[in-house]
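1. What shape does this take:
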Amino acid sequence: MTPFEHLSRNNDEADVSDYGWEAIRFWPSVPKPEIPENLPPEVTRIYLQAERNFPMEGNEEAAGTMYRKALDIGLKRIDPNLDGTLAARIRKLSAAGKIPIDVAEWSGCVREIGNDAAHEETPVTRKELEDLKNFSDAVLRYLFSLPGMVKKRRGEKLDWE
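-> Got it, this is the predicted structure:
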């Protein structure tokens, strides 16, 4: 019997390491997560979950829900006193000059995608998920990455470090 006979499709317990083999890389390679810089740890943790689910077909709701949650928690970090829906909080941040008006207008359609991912039976499309990902990325970079880069340049610590 050759070592390969034990590695049949029907043998779920076969392990190539039993025969001195090891996986050195996977093909196709798994995409690396793209996480905005200088995020608070809790936002990074949630955004990472979204990024891990994003590349996999069939995980659109999981990724969409986590992108929306990362935005939600990020906005609470910017202003813990904000209340109301995600859209209302984005409008309030825009009115206070913390988010550009264009971002607040963009949020109207993208926010609905996040809601659908979390609450609706109809699946989120890849295009909708890409829109939500791009919006989340842009807002979090605007709120955390850019100010964090300025603080680091000045030699200041971020609030969560």
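
2. Can you tell me the element Lys157 falls in?
-> Per DSSP states H and E: Lys157 is located in neither a helix nor a strand.

3. Who are the contact partners of it?
-> Lys151 (Cβ atoms under 8 Å, 6 or more residues apart in numbering). C-beta: built from backbone N, CA, C; applies to glycine.

4. what ranges do the strands span in the chain?
-> Here the chain has no strands by DSSP state E.

5. shaky segments in the chain?
-> Counting by pLDDT under 70, the chain shows low-confidence ranges at 1-14, 109-111, 114-118.

6. Going by neighbour count, list what's buried in stretch 82-93.
-> Buried residues in stretch 82-93, counted by 16 or more other Cβ atoms under 10 Å: 82, 86, 89-93.

7. what's it in contact with?
-> 68, 71-72, 75-76, 78-79, 99, 103-104, 107-108, 111, 114.

8. In CSV, list the C-alpha atoms belonging to it.
-> Output in CSV follows, covering the C-alpha atoms of stretch 82-93 (Å, rounded to 0.1, in the frame of the first residue of the first chain):
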residue,chain,number,x,y,z
LEU,A,82,-24.6,61.0,19.9
ASP,A,83,-27.9,59.2,19.9
GLY,A,84,-30.4,58.0,17.3
THR,A,85,-30.0,56.0,14.2
LEU,A,86,-26.7,55.7,12.4
ALA,A,87,-28.0,58.1,9.7
ALA,A,88,-29.0,60.6,12.4
ARG,A,89,-25.7,60.4,14.1
ILE,A,90,-23.9,60.9,10.8
ARG,A,91,-26.0,64.0,10.0
LYS,A,92,-25.2,65.4,13.5
LEU,A,93,-21.5,64.9,13.0
